[in-house]
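Student: quick check, what structure comes out for this input:
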Amino acid sequence: MKLNKKRSIAVLLAALLLLPALAGCSRQAEAEAKEEVKETSTGTARAETSEPFQLTVAIDSGTFAYPFWVAENKGIFEKYNIEPEFQTYAYGIDTVNAVILDQADMGEAMDFAAISRLGGESQLQFIAFTAGNKMDGVRLYVLEDGIKEPKDLEGKSVVVQKGTVNEYIWEQLYDQYDIDSSKVNPLYISSTAVGMALVKSGEANAIWAGGEIESQVKELGGVSIGDYSLINFAPRGFITVKKDFIKENQEGLGRLLKALDEASVYINENPGDAAELIQANFGIPSENIEKALKSIEFDIRFSNEDLNQIDSVTKWSIKNKLVKYDFDIRDYINLDILREVYPERVTAGK
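Tutor: Next up, the predicted model:
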């Protein structure tokens with residue numbers, strides 16, 4: 001009996017001695033858990049997600065691809081467990097064509113280029129605004145002394161990126177300045193490099209330029225006669241996918257919008273660092289990229305202004321027979337996922 005009593009006392013003492021250690025372990029585990037949550041929220045650890053989201057993304061070779069490259073190179077896609085495969089094309093219209101042909105799951109394009117592929121049996125949907133030019137971000141450069149104002153372009157040759165928003169911009173200029181378009185010679189190009197070759201050879205008398213190529217045009221004697229304020233229009237870019245892809249990948253697309261938003265915030269707040277981050281993807285000086293970044297507004301949203309502009313572009317293009325079909329742009333906008341992840345960012349229709 002005395003022996004059992006002694007054993008009970010020994011067990012009790014051992015338990016009491018273990019309590020501080022157990023408490024310390026508990027506090028340590030709690031601290032580690034909190035630190036893990038903190039790391040995840042600041043982007044240094046992968047966010048908790050069920051399955052990797054794999055998709056093929058068609059991007060252009062210019063500024064509208066920058067958020068995708070920042071998200072890739074900075075590890076933001078990895079944080080959200082997204083595994084993109086990139087396809088790079090000359091222009092945004094090419095990325096939309098890739099989606100239409102099922103060569104890619106997602107594309108990004110300026111307003112006019114994107115709406116030119118709508119109507120009929122098109123399954124394309126706009127799910128968010130992603131980037132837009134600032135009014136002074138792109139300028140109209142002329143390379144002949146006799147051109148002082150837009151009307152002087154009659155009888156001249158101009159560089160036109162056919163099928164892109166650049167074609168719409170020229171049409172707006174002709175319309176607003178009473179320019180006879182039949183007296184303007186369009187030099188259609190398939191890439192920016194071809195456009196610059198026309199400028200260098202002296203064949204082109206005018207070109208819209210900004211970002212990466214503006215300094216080159218100026219070095220070749222280009223003189224600006226105005227920016228997008230000439231036509232009171234600055235292009236806006238949107239993310240496009242097909243209806244079925246939205247239905248099958250709502251959770252993954254929500255993660256992707258979050259990743260692109262994080263990349264956009266980083267670009268807006270750190271254009272110099274962002275330029276260094278993506279310089280290797282373009283092989284051009286980082287200072288040129290930084291200049292281009294500062295001429296663009298990056299955001300993930302869909303505002304009333306975004307809707308009004310794309311609606312206006314659609315109606316004008318239908319009226320002037322620049323697009324094939326007659327349609328209502330609202331039938332090609334799906335903001336369900338954007339409303340789910342950023343409800344305050346959707347003001348269209350309010």
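
Student: kindly provide the distance from residue 253 to residue 208.
Tutor: Distance, residue 253 to residue 208, using Cβ to Cβ, to the nearest Å: 33 Å. (Glycine included, C-beta is placed from N, CA and C.)

Student: could you do residue 261 as well?
Tutor: The separation that residue 261 has from residue 208, given Cβ to Cβ, amounts to 29 Å.

Student: likewise residue 238?
Tutor: Look at residue 238 and residue 208: by Cβ to Cβ, they are 20 Å apart.

Student: okay, the two: which has more neighbours?
Tutor: Using other Cβ atoms under 10 Å, the more surrounded residue of residue 238 and residue 208 is residue 238, with 27 against 22.

Student: what residues does the host helix or strand of the more buried one touch?
Tutor: According to DSSP states H and E, residue 238 maps onto strand 236-242. Applying Cβ atoms under 8 Å, 6 or more residues apart in numbering, the contact partners of strand 236-242 are 64, 92, 96, 99, 105-111, 114, 123-133, 253, 260, 306, 309-310.

Student: residue 109 pairs with what?
Tutor: residue 238 (DSSP bridges).

Student: what's the burial count for it?
Tutor: Residue 109 has 32 neighbours, counted by other Cβ under 10 Å.

Student: for it, give me its contacts.
Tutor: Neighbouring residues of residue 109 by Cβ under 8 Å, 6+ apart: 60, 64, 91, 92, 93, 95, 96, 237, 238, 240.

Student: mark which of the residues you listed are buried, thanks.
Tutor: By neighbour count, with 16 or more other Cβ atoms under 10 Å, the contacts of residue 109 hold 60, 64, 91, 92, 93, 95, 96, 237, 238, 240 as buried.

Student: and those residues as TSV, adding pLDDT and distance to residue 335?
Tutor: Output for the buried ones among the contacts of residue 109, formatted as TSV (pLDDT from 0 to 100; distance: Cβ to Cβ, whole Å):
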residue	pLDDT	distance to residue 335
60	92	23
64	88	20
91	90	25
92	91	20
93	92	23
95	96	20
96	96	19
237	95	16
238	97	11
240	97	13
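
Student: ok, of those residues, which one's closest to residue 76?
Tutor: Closest to residue 76 out of the buried ones among the contacts of residue 109 is residue 64 (17.1 Å), distances taken as Cβ to Cβ.

Student: ok, that closest one - contacts?
Tutor: So residue 64 contacts 92, 108, 109, 110, 130, 131, 237, 296 (Cβ under 8 Å, 6+ apart).

Student: from the contacts of residue 109, which ones fall inside strands?
Tutor: 60, 237, 238, 240 (DSSP state E).

Student: out of the residues you listed, flag the one nearest to residue 139.
Tutor: Ranked by distance to residue 139 (Cβ to Cβ), the ones in strands among the contacts of residue 109 are led by residue 237 at 18.9 Å.

Student: gap between the closest one and residue 64?
Tutor: Residue 237 is 5 Å from residue 64, by Cβ to Cβ.

Student: could you do residue 232 as well?
Tutor: Separation of residue 232 from residue 64 (Cβ to Cβ): 21 Å.

Student: one more: residue 210?
Tutor: For residue 210, the distance to residue 64 - Cβ to Cβ - is 12 Å.

Student: break the protein down into its domains, please.
Tutor: Domain ranges of the chain: 53-134+235-345, 138-230, per automatic domain parsing.

Student: most tightly surrounded among the ones you listed?
Tutor: With neighbours defined as mean count of other Cβ atoms under 10 Å, those peak in mean count at domain 53-134+235-345, which reaches a mean of 19.

Student: for that one, measure first residue to last.
Tutor: End-to-end span of domain 53-134+235-345 (Cα to Cα, to the nearest Å): 23 Å.

Student: re the thing from before, which one of the ones in strands among the contacts of residue 109 is nearest to residue 195?
Tutor: Nearest to residue 195 among the ones in strands among the contacts of residue 109 is residue 60, at 14.5 Å by Cβ to Cβ.

Student: dig out what the closest one forms beta bridges with.
Tutor: Beta-bridge partners for residue 60, by DSSP bridges, are residue 89.

Student: ok, it touching residue 108?
Tutor: Yes - counting by Cβ atoms under 8 Å, residue 60 does reach residue 108; the two are 6.9 Å apart.

Student: could you name every residue contacting both of these two?
Tutor: By Cβ under 8 Å, 6+ apart, residue 60 and residue 108 have these common neighbours: 92, 95.

Student: just say helix, strand or coil for residue 232.
Tutor: The local conformation at residue 232, judged by DSSP: H, G, I helix; E, B strand; the rest coil, is coil.

Student: check residue 128 too.
Tutor: Applying three-state DSSP: residue 128 is strand.

Student: was I right about it contacting residue 306?
Tutor: No - counting by Cβ under 8 Å, residue 128 does not reach residue 306; the two are 9.2 Å apart.

Student: who's in contact with stretch 265-275?
Tutor: Residues from elsewhere that reach stretch 265-275 (Cβ under 8 Å, 6+ apart): 66, 67, 70, 74, 76, 286, 287, 289, 290, 293, 294, 298.

Student: show me the residues you listed that map onto helices.
Tutor: Of the contacts of stretch 265-275, the ones assigned to helices by DSSP state H are 66, 67, 70, 76, 286, 287, 289, 290, 293, 294.
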